Every structure is written in structure tokens, then in C-alpha cells.
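J.: Whatever this is, show me its structure:
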Amino acid sequence: MSLLSRLLVVVCTLAGIAALSLLGVWQVHRLHWKEGLLAQIDSRRHSPPEPLADVEQRYAASRDVDYFPVRLTGTFDHSGESYFYTTHDGQAGWDVFTPLKLEDGRTIFVDRGFVPMEMRDPATRKEGQVSGVQSVTGLARNPLSAKPNSFVPDNEAPKRTLYWRSLADMARIAGVDPATMLPFYVDAGPAPNPGGLPVGGTTLISLPNNHFGYAVTWFGLAVALAGVGGWFLFAPRSRSAGA
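T.: Okay, the predicted model is just below:
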């Protein structure tokens with residue numbers, strides 16, 4: 001192998017090792033970030049429920065109330081239901097978002113939980129359409145400002161169908177004045193509803209955390225590349241006959 005070829009192998013090998021190692025280091029940073037986020041979520045959701053006023057103060061200060069337990073009281077307006085397409089225990093269906101009118105006249109949307117596909121019509125689950133003042137305990141959730149990605153379909157407000165949790169679309173469906181609407185929503189807890197539907201407490205909290213495996217992969221590729229580069233540089237070469 002000529003000197004120029006050796007130099008080219010060295011440069012390419014070192015550049016590749018550097019790039020793969022940087023990717024590995026990035027995944028290690030992501031691992032620490034994800035572990036911290038999971039710990040934060042776990043700490044929040046196991047804290048005592050707070051009055052709605054306290055959660056509002058949190059939101060005003062930080063714009064972040066995700067997974068804080070909250071207590072609230074109001075009256076459900078079932079005529080304003082909207083339906084978020086989802087799955088629960090492997091079954092397709094809907095999360096029922098219902099406006100809860102608070103005593104001060106404002107409205108907060110509550111994800112009351114899951115109903116099977118064929119139980120979307122409120123007439124099929126009349127027992128769960130509770131009336132009068134209700135107390136709700138659940139997890140506060142931050143609002144989404146846009147679709148999570150371009151693959152998610154647009155919401156169909158005329159059909160009351162949601163494919164992403166848009167408070168603006170919920171308000172449009174329910175005829176709620178956005179000026180009187182709280183800027184976050186609540187996932188209802190697992191307390192059973194009359195008739196068993198909707199099924200509350202379905203908040204998805206598990207987040208994928210595969211960064212350790214990704215880091216091992218990138219670092220492993222860097223080691224493998226170093227081995228391949230070393231083989232090209234130092235492995236004995238047989239000379240062809242007559243050379």
C-alpha cells in the first residue's frame with residue numbers, strides 16, 4: 001500500500017471514528033435527559049392533588065403543568081363532547097373530551113377516558129353521562145399548539161372527531177368562548193364512572209428510552225471501524241508472483 005493510500009485510510013478512519021463517537025456521546029446525553037424527564041414525571045404524578053387555582057398559578061409561571069395531579073369541581077356539558085381517536089388495551093376507540101363548567105363560569109376540558117368504537121354515541125352509555133356538580137381528580141396536561149407531525153390527520157371538527165388534542169378545536173366543537181377557557185386540560189383519573197364508561201385513568205406515561213442501546217451501537221461501530229482501518233494499515237499483504 002502506497003504512502004498516499006495509507007494516509008487516506010488514516011484520515012477516513014479517524015474521521016469516521018470521530019463522527020461515530022460524537023453520535024455515541026450525543027446518545028449518552030439524551031439518555032441522561034430522558035432519565036431525568038421520566039424521574040420528573042414520576043415525581044409529579046405521585047404528588048398529592050392540588051387545587052385547580054394552584055395548578056393555574058404553576059401554568060402562569062412556567063407554562064408547564066404536565067402530569068401534576070389536580071382537583072376540580074364543576075358541571076359537565078355533555079352536549080359539547082368531542083372524540084379523540086386512540087387505543088386502550090389493544091382496542092380501538094375514543095377518548096371522550098367533555099367541557100367542565102366551573103363555578104366561576106369558566107370552562108376546562110376534561111378527558112373523561114376511553115370508550116370502545118361502538119360506544120361513541122352517548123345514547124349507548126347514558127349512565128356515564130353524569131349530571132349536576134361533579135368532583136374530578138386527574139392529571140393536568142399541557143396544551144398542544146400544533147399537530148405532533150405531518151402524518152397525523154387533521155381534526156374533523158364538524159364530525160367532532162379529533163386526531164390530535166387541539167383545545168381550539170374542542171372549543172369550536174363545544175361552542176365555548178376561548179376567552180373563558182383554561183389554557184390546559186385534565187386527564188380524569190381511574191375513579192369509575194356510572195355504568196363503567198368512560199374508562200378513566202388511561203393517560204399514557206411510558207416514554208421510550210432506547211438511548212443506551214443506541215449509544216452502545218454507535219460506540220461499537222467506532223471500535224469496529226478502528227479495527228477495519230487497522231487491518232488495512234497493518235495486515236500483511238502477499239506479493240503477487242513476478243512482482
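J.: Report the contact partners of residue 141.
T.: Contact partners of residue 141, counting by CB atoms under 8 Å, 6 or more residues apart in numbering, are 65, 66, 67, 111, 165, 184, 185, 186, 187, 203. Every residue, glycine included, has its C-beta placed from N, CA and C.
J.: Repeat the analysis, applying 6 Å as the threshold.
T.: 66, 185, 187 (CB atoms under 6 Å, 6 or more residues apart in numbering).
J.: hmm, who's touching the helix or strand harbouring residue 229?
T.: In this structure, residue 229 sits in helix 211-234 according to DSSP states H and E. With contact meaning CB under 6 Å, 6+ apart, helix 211-234 is reached by 9, 13, 16-17, 20-21, 23-24, 27-28, 30-31, 34.
J.: quick one: average confidence on it?
T.: Mean pLDDT, helix 211-234: 83.
J.: ditto for stretch 130-138
T.: Mean pLDDT, stretch 130-138: 97.
J.: In it, which residues are buried?
T.: 136, 138 (16 or more other CB atoms under 10 Å).
J.: and that stretch, how far from the chain's centre?
T.: Averaging C-alpha positions (CA atoms, centre = their mean, to the nearest Å) puts stretch 130-138 26 Å from its chain's average.
J.: Kindly report the same for stretch 184-204.
T.: Offset of stretch 184-204 from its chain centre (CA atoms, centre = their mean): 18 Å.
J.: the domain parsing of this protein - what is it?
T.: Domain ranges of the chain: 3-39+209-233, 68-196, per automatic domain parsing.
J.: returning to that earlier point: select only the buried ones of the contacts of residue 141 in PyMOL?
T.: Per 16+ other CB under 10 Å, the buried members of those correspond to this PyMOL selection:
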select buried, resi 185+187
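J.: Now, the contacts of residue 141 that are in strands?
T.: Members of the contacts of residue 141 lying in strands (criterion: DSSP state E): 185, 187.
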